[in-house]
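>>> just coords:
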C-alpha cells in the first residue's frame, strides 16, 4: 500500500489535477477518490477544500471565465483603436489554450454537468464575455467596418471558433500557439477568400 503524503496540499494543486483527469476521463468518469489518489492524499484532504465534485468542476470552469475576462480587458486597455482591440481580444483568447488546455476542454465540454444553480452563474459569466465581443463589434460597426447584422452572428462565430480550437491545435505541430492566434485573428477579420485587405 502506497503511503499517503504528509506535506501541505494547495487548493490550486487539486483543481489542476482534477482538470487533467476531467479532460482525460470526463467529469462523470472521474471520482473524488481518483483525484485524491492522483495527488497521493486522503480523500478527506480533497473534501477539506471542495464540498463535492461539482463544486470542484464549477471552480475550474469559473476560473477560466475569470481569466478570459481579464485577458479581454487587458486587450482593450492596450490600444485606442477598436479594430486593434478586437484583434488583441482574439489573440489573447486563443493564447489561453497554451497553458490551460485541460481546463479549456473542461470549460467547453463539461459545463452541462453543473446543476441549474451553478450553471446559471456560469451563464451570467458567459453573457459578460459575449457582451465584450458584441460591444467591440458595435464600435467597429459605427465606423462602418463591420456590416454584419445582427452582431450576435459575428460574436458567436468568434466565440465558437476560439473556444473549440483546442480540439485541433497540435502543440507539437509546425505552428506555435502565438502563430495560430495571429492567423485566427486574420481569418476572423478578413475571411478565407484571397482578396485585398481594407
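Structure received. Everything numeric here is computed off the predicted structure, so don't read it as measured data.

>>> Low-confidence stretches in the chain?
Confidence mapping of the chain against pLDDT under 70 gives the ranges 1-8, 192-198.

>>> host element of the residue most central in space within the chain?
Relative to the mean C-alpha position of the chain, the nearest C-alpha, by CA atoms, centre = their mean, is the one of residue 104, at 4.4 Å. According to DSSP states H and E, residue 104 maps onto helix 82-109.

>>> That helix: which residues count as buried?
Buried residues in helix 82-109, counting neighbours by 16 or more other CB atoms under 10 Å, are found at 82-83, 85-94, 96-98, 100-107, 109. All C-beta spots, glycine's among them, are computed from the backbone N, C-alpha and C.

>>> Start from the N-terminal end of the chain and give the helices.
11-25, 32-39, 43-49, 53-77, 82-109, 116-142, 151-164, 177-190 (DSSP state H).

>>> Quick one: residues in contact with the second one.
So that's helix 32-39. Outside of helix 32-39, the residues that reach it under the criterion CB atoms under 8 Å, 6 or more residues apart in numbering are 5, 9, 13-14, 17-18, 20-21, 25, 42-43, 45-47, 52-53, 56.

>>> so it versus helix 53-77, what angle?
Here helix 32-39 runs at an angle of 60 degrees relative to helix 53-77 (axes from the mean of the first three to the mean of the last three CA atoms, to 10 degrees).

>>> centre of the chain versus helix 32-39, how much separation?
The gap between the average C-alpha position of helix 32-39 and the chain average comes to 24 Å, counting by CA atoms, centre = their mean, to the nearest Å.

>>> Pull out the buried residues from the contacts of helix 32-39.
The neighbour count (16+ other CB under 10 Å) marks 9, 14, 17, 18, 20, 21, 43, 45, 46, 53, 56 as buried among these.
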